[in-house]
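>>> below is the sequence, then the predicted model.
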Amino acid sequence: MKKYFLLLALGLWLALGGAAQAAMRVDIIGPGQNIVNLALAAPLTAPQAQATGMGAALQKLIEQNLSFLPFMRLTDPKAVLGGIVLAGYEPPALDFKRFQLAGSDIVVTTFWPDGDKGTRPVQIRAFETNTGSRLFGKEYPKVATRDLPEVADRFCADLLEALTGNGAFFRSTLAFVKKAGKLSANVWLVKPTGRDLRQITNMPGEAMSPAWSPDGRFVVFTHIDPKSHALGVWDRSSGKVQRIRFPGNVVIGPAFMPDNKVAVALSNGKYPVIFLLNHVFQKERILEQSNAINVSPTFDSTGTRMAFTSSRMGGPQIFLKDLNSGAVTRVSKNGTYNTEANLSPDGTLVVYSRMTDFGHRIFVQDMLTGIERQITFGPGSDEQPSFCADSYFIAFSSTRGGGRGIYLTTRHGGDAKKVPTGSGPASFPRWGMPVSASK
């Protein structure tokens, strides 16, 4: 049923009211982020008739989603003179003036034309309050209570894309590791908002460093049991897990390239070497080797640049390799212990963890300007950073809350928000965009 809904919920562009072009844009890449004030009008089933069933539940889910956007401020309904229950869901019945006076830049209206009980369509529109122009509008057909979280995610992704050009945050799923005891950890999935939490492996031993394939079919990970290290591969299409052994006893930091091939550090004599595997997860060729440790590859969206950790200059440092020319440059210029690099999909930033006197902290190196910026400050230790597909949001693990958990920040830093992952220590977050969530 869920697959059926996902096909229907691709959404139809509404013909009502014409197709206005969005004038408002939010720059999330530049250092000075816009702050957007957004008001949610009460969901309606008719003029002045507030939806109190699925409409109220959907409104709450959307509010929860938008609270994860650091540049978004929701207008307090009490600040709207005349209230948020409107005479209409679009102009001319939609009164923009009251939202302008409340300081709102955008107002969102929700209309349930056939009521909000049972299985019903819902229409959601977003307007600029100053101009009255419509940012976008969509209809989600055949919506039942179980579908509300999916509708909320789809609407918020569409809104985020209309404002910033990229809605990947709400279309993504995090793979991470949850530890249950000594040498006992499995791979789990969760939305960055904390929804759809589920375990996908159940294997004796310890999983580490999961990574999504670009097509959303596979999650690969390092797997350690008392006898060996191996590459774990979870196949989303079958739900099955295979464990692939290699000569030696090193399997560190697997990552996918854009063509769905895996790069991973494997034993090769005295030091680990970064190998490229073919589509059946067997060695194809060497991507990086030297007379030192080379581990934890990560790639940009073109697959032409690879960031990795190497001990070639003594302690671990971050390097960047141009896979076309073979040129290797040092990324981390400060500190004596930098690890766990992750290259932004747009190739402009490298985020990594540095050991400091106060614990591990997350730093971002701008490859265009050469400027390094610290984006986390504890307490506790902050490690294992990972970029979202939008090159803006960053997930990382931290002990700032006591036990280890998953947190979200951005390329600019700021207050970190915890991802609900249930009980137990959570670590190694890595973003992915499963096919069902991206269509």
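Happy to help now that I have it.
>>> check which residues of stretch 137-149 are buried.
Judged by neighbour count (16 or more other C-beta atoms under 10 Å), stretch 137-149 contains these buried residues: 137, 138, 139, 140, 143, 147, 148, 149. (Glycine included, C-beta is placed from N, CA and C.)
>>> touching, the fifth one and residue 118? I think so.
If I follow you right, that is residue 143. No. Under the criterion of C-beta atoms under 8 Å, residue 143 is not in contact with residue 118, lying 9.5 Å apart.
>>> mind listing the helices for the stretch 301-439 of the chain?
Along the stretch 301-439 of the chain, the segments classed as helices by DSSP state H, counting those that start in this stretch run 435-438.
>>> which stretches of the stretch 201-350 of the chain have low pLDDT?
Of all residues in the stretch 201-350 of the chain, none has pLDDT under 70.
>>> what distance do you get for the nearest residue to residue 345 once chain neighbours are set aside to residue 348?
By the measure of C-beta to C-beta, 6 or more residues apart in numbering, the closest residue to residue 345 outside its immediate chain neighbours is residue 301, 4.2 Å from it. Applying C-beta to C-beta, to the nearest Å, one obtains 11 Å for the distance of residue 301 from residue 348.
>>> likewise residue 228?
Distance from residue 228 to residue 348, counting by C-beta to C-beta: 38 Å.
>>> so for the two, which residue has more residues nearby?
Here residue 228 and residue 348 are compared on neighbour count by other C-beta atoms under 10 Å; more neighbours surround residue 348, at 17 against 14.
>>> hmm, residue 392 and the more buried one touching each other?
No. Assessed by C-beta under 8 Å, residue 348 is found out of contact with residue 392, at 11.2 Å.
>>> and residue 153, what are its phi and psi?
Here the main-chain torsion angles of residue 153 (degrees, to the nearest 10) amount to phi -60, psi -40.
>>> what do you get for the one 5 residues further on?
Backbone torsions of residue 158, given as degrees, to the nearest 10, read phi -60, psi -40.
>>> gap between it and residue 165?
Summarising the geometry, the distance separating residue 158 from residue 165, computed by C-beta to C-beta, is 12 Å.
>>> out of those two, which sits in the busier spot?
Counted by other C-beta under 10 Å, residue 158 and residue 165 do not tie: residue 158 has more neighbours, with 20 against 13.
>>> from residue 216, how far out is the more buried one?
Residue 158 is 19 Å from residue 216, by C-beta to C-beta.
>>> what's the closest of the buried residues of stretch 137-149 to residue 87?
For the buried residues of stretch 137-149, the closest approach to residue 87 (C-beta to C-beta) belongs to residue 137, at 18.0 Å.
>>> quick check: residue 35 touching residue 71?
Yes. The criterion here is C-beta under 8 Å, and residue 35 meets it with residue 71 at 5.7 Å.
>>> those two: which is more packed in?
With neighbours defined as other C-beta under 10 Å, residue 35 and residue 71 compare such that residue 71 has more, 17 against 10.
>>> that one and residue 27 touch, don't they?
No. Under the criterion of C-beta under 8 Å, residue 71 lies out of contact with residue 27, with a separation of 9.3 Å.
>>> where in the stretch 51-200 of the chain is pLDDT low?
In the stretch 51-200 of the chain there are no weaker segments when pLDDT under 70 is taken as the threshold.
>>> would you map the strands across it?
Per DSSP state E, counting those that start in this stretch, the stretch 51-200 of the chain carries strands over the ranges 72-74, 106-111, 120-128, 134-143, 173-181, 184-190, 198-199.
>>> which of these sits most buried?
Using mean count of other C-beta atoms under 10 Å, the stretch among the strands of the stretch 51-200 of the chain with the greatest mean number of neighbours is strand 106-111 (a mean of 24).
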